[in-house]
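Q: please work out how this folds:
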Amino acid sequence: MTRTLLQKFIWILLPVITFFLGLSLRPNSDSVSGTGKSRTQTQEGGESSLGLANRQSVKSKSSGNNKNSADPTNPTLNSSTLSGTTLDSTSIKRIGQSLREELNPLKRRQIFNELLQGMTLDNAREIREQIKSLDQNSSEFRDFHFVWGSMAGAEAVINGTKTSERDLHVTMTGWASTNPDQAIAWFNDLDKLNDKRLSKDHLKRSIVEGLANTDPDRAINFISSLKESGDKDAHRMIHDVARKATRRMNLEEAGAWAQSLPDEGMRQSSIHSILPRFAYSDPESASKWAASLDSDISSTAIHKVGEAWAHRDPPASAEWLSSLPESKGSNSGLETALHHWAGRDPTAASEHLVSMPDSVGKDRAIKGFVSKVAHEDPQSALIWADSIQDEPTRNGALINAGQTYFRRDRAAATEWLQSSGLPASVQSKINPQKK
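A: Numbers count the residues shown, from 1 in each chain. Here you go, the predicted structure:
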């Protein structure tokens with residue numbers, strides 16, 4: 001299993017490296033000279049200076065029994081299993097300086113790949129010293145830590161707890177992507193380490209993201225195990241898994257995948273992630289699919305389609321949602337649709353509201369309308385808010401519009417509030433009194 005996952009990881013990474021190395025662009029002559037020597041050493045040094053892909057394969061073969069891999073003191077994870085290095089300290093510093101100074105993104109990536117190819121368990125920390133000052137959102141910063149995590153496992157992750165940079169998450173993700181057995185076993189034994197810097201609440205998301213890269217089914221099982229152990233919010237971590245597992249599926253296939261998940265929370269959360277992509281590109285087809293559902297994801301699907309459609313065509317979204325049987329999903333969607341419609345054409349949106357029969361859906365639609373109009377015409381927004389039939393919904397809309405009114409014209413808003421006759425509890429939320 002570990003070797004298969006390593007191969008998948010390598011096939012994901014190699015096209016990127018091959019693309020940039022195939023470019024005609026070259027770093028300055030000093031860098032070429034320094035790294036050229038490294039390549040010669042790589043060819044002559046045997047196993048001790050293998051490139052990234054071969055070192056990953058060797059590590060997979062030598063990792064052996066996972067029983068000891070969860071132990072952070074395991075020498076397999078904490079010291080290099082390869083004698084020697086591809087790049088010496090002088091070369092690493094020279095290439096690192098070129099990397100930081102290079103402004104051309106293609107050349108910078110090519111220079112970075114020289115470091116990545118020459119990286120071993122022994123020199124990873126030296127290379128990190130050249131990487132750590134880069135933008136922490138850059139692909140180079142994230143890719144280095146991903147690869148280091150995949151190579152060094154616990155050693156790299158524990159190092160992430162001692163740094164000021166945001167590298168812990170991506171390092172753990174790299175480990176879970178490449179050696180899930182080791183990563184999960186180590187995660188399960190975290191309590192034994194008694195290290196407050198290693199939080200399961202933080203690292204569990206990294207595990208899921210790493211598993212989602214190579215084995216979505218295992219990611220689902222991991223989430224299920226967390227929920228069984230008492231993690232009530234575990235199902236929310238399905239978002240990344242859902243996006244990756246269904247990226248090549250059509251709407252029907254993606255919907256069937258979501259419906260097959262073992263837990264209602266996962267099914268609901270997955271729809272939140274999957275459906276907007278289809279609803280933005282083809283809202284008509286997505287709306288028909290959502291309306292045809294007869295399961296616990298039906299309401300969520302209707303809401304997400306209505307919400308996505310509202311960004312493109314608020315009137316069409318509102319018309320579709322109004323035609324459906326009233327549900328939590330259609331009501332939420334109407335609130336979103338009228339909010340967007342009011343921003344584009346408040347007159348047409350208000351006319352649509354007038355035409356709607358009294359219902360919970362209409363109340364929610366008015367609330368959405370008010371939330372937008374209040375920024376331009378708070379007085380009209382307050383009149384509309386006061387027409388809402390459901391008291392909690394009405395109070396929420398009045399509070400929202402009233403607070404906006406106070407920000408725009410405090411004197412006029414104060415006069416309105418004093419004569420509004422609203423309950424004191426509502427008035428205090430609109431204009432909290434400083435003590």
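
Q: got any ranges where this protein has weak pLDDT?
A: 1-86, 434-435 (pLDDT under 70).

Q: domain ranges for it?
A: Here the domain parsing of the chain from automatic domain parsing is 1-214, 318-435.

Q: so which of those gets nearest Ile238?
A: domain 1-214 (8.2 Å; CB to CB). In this view, the C-beta of every residue, glycine as well, is placed from N, C-alpha and C.

Q: isn't Gly149 up against Val157?
A: Yes: here Gly149 lies in contact with Val157, judged by CB atoms under 8 Å, at a distance of 6.4 Å.

Q: now list whatever residues contact both of those two.
A: In terms of CB atoms under 8 Å, 6 or more residues apart in numbering, Gly149 and Val157 are both contacted by the residues Thr171, Met172, Trp175.

Q: can you lay out those residues as JSON lines showing secondary structure?
A: Below are the shared contacts of Gly149 and Val157 laid out as JSON lines (DSSP: H, G, I helix; E, B strand; the rest coil):
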{"residue": "Thr171", "secondary structure": "helix"}
{"residue": "Met172", "secondary structure": "helix"}
{"residue": "Trp175", "secondary structure": "helix"}
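
Q: among these, which one sits closest to Asp215?
A: Trp175 (13.9 Å).

Q: who's in contact with that closest one?
A: Contacts of Trp175 by CB under 8 Å, 6+ apart are Gly149, Ser150, Gly153, Ala154, Ala156, Val157, Gln182, Ala183, Gly210.

Q: how near is it to Gly153?
A: For Trp175, the distance to Gly153 equals 5 Å [CB to CB, to the nearest Å].

Q: ditto for Arg128
A: 15 Å.

Q: between those two, which has more neighbouring residues?
A: Gly153 (30 against 22; other CB atoms under 10 Å).

Q: close enough to count as contact, that one and Asn179?
A: Yes: shown here, Gly153 and Asn179 form a contact pair, counting by CB under 8 Å, at 6.3 Å.

Q: thinking again about what came up before, please enumerate the shared neighbours of Trp175 and Gly153.
A: Counting by CB under 8 Å, 6+ apart, the residues touching both Trp175 and Gly153 are Gln182, Ala183.

Q: and the residue nearest to Asp282 when sequence neighbours are not counted, what does it touch?
A: In this structure, Asp282 finds its nearest non-sequential neighbour in Leu251, 7.9 Å apart by CB to CB, 6 or more residues apart in numbering. Neighbour list for Leu251: Phe278, Asp282, Ser285, Ala286, Trp289 [criterion: CB under 8 Å, 6+ apart].

Q: now do the same contact list for the third one.
A: Taking CB under 8 Å, 6+ apart, we find Ser285 in contact with Leu251, Phe278.

Q: CA atoms only for whichever strand or helix holds it - export them in PDB, please.
A: When elements are assigned from DSSP states H and E, Ser285 belongs to helix 283-292. Extracted in PDB, the C-alpha atoms of helix 283-292 (Å, rounded to 0.1, in the frame of the first residue of the first chain):
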ATOM      1  CA  PRO A 283     -28.100  26.200 -13.300                       C
ATOM      2  CA  GLU A 284     -31.000  24.900 -15.300                       C
ATOM      3  CA  SER A 285     -29.800  21.300 -15.300                       C
ATOM      4  CA  ALA A 286     -28.700  21.500 -11.600                       C
ATOM      5  CA  SER A 287     -32.100  22.900 -10.600                       C
ATOM      6  CA  LYS A 288     -33.900  19.900 -12.200                       C
ATOM      7  CA  TRP A 289     -31.500  17.500 -10.500                       C
ATOM      8  CA  ALA A 290     -31.900  19.100  -7.100                       C
ATOM      9  CA  ALA A 291     -35.700  19.300  -7.400                       C
ATOM     10  CA  SER A 292     -35.900  15.600  -8.300                       C
END
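
Q: tell me which helix or strand comes right after that helix.
A: Assigned by DSSP H and E, the successor of helix 283-292 is helix 298-312.

Q: mind giving me the packing neighbours of that next one?
A: helix 264-281, helix 283-292, helix 314-323, helix 328-344 (3 or more CB pairs under 8 Å, 6 or more residues apart in numbering; DSSP states H and E).

Q: what number of residues lie near the closest residue in space to Thr404 that isn't next to it in sequence?
A: Among residues not flanking Thr404 along the chain, Ala374 sits closest, at 4.2 Å (CB to CB, 6+ apart). Per other CB under 10 Å, the neighbour tally for Ala374 reads 25.

Q: residues contacting stretch 385-403, please?
A: 358, 360, 362-364, 366-367, 370-371, 374, 378, 381-382, 384, 413, 416-417, 422-423, 426, 429-431.

Q: got JSON lines for the domains of the chain, with distance to Gln268 too?
A: As requested, the domains of the chain are exported to JSON lines (distance: least, CB to CB, whole Å):
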{"stretch": "domain 1-214", "distance to Gln268": "17"}
{"stretch": "domain 318-435", "distance to Gln268": "11"}
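
Q: quick one: closest of the ones you listed to Ala308.
A: Per CB to CB, nearest to Ala308 of the domains of the chain: domain 318-435, 9.2 Å.
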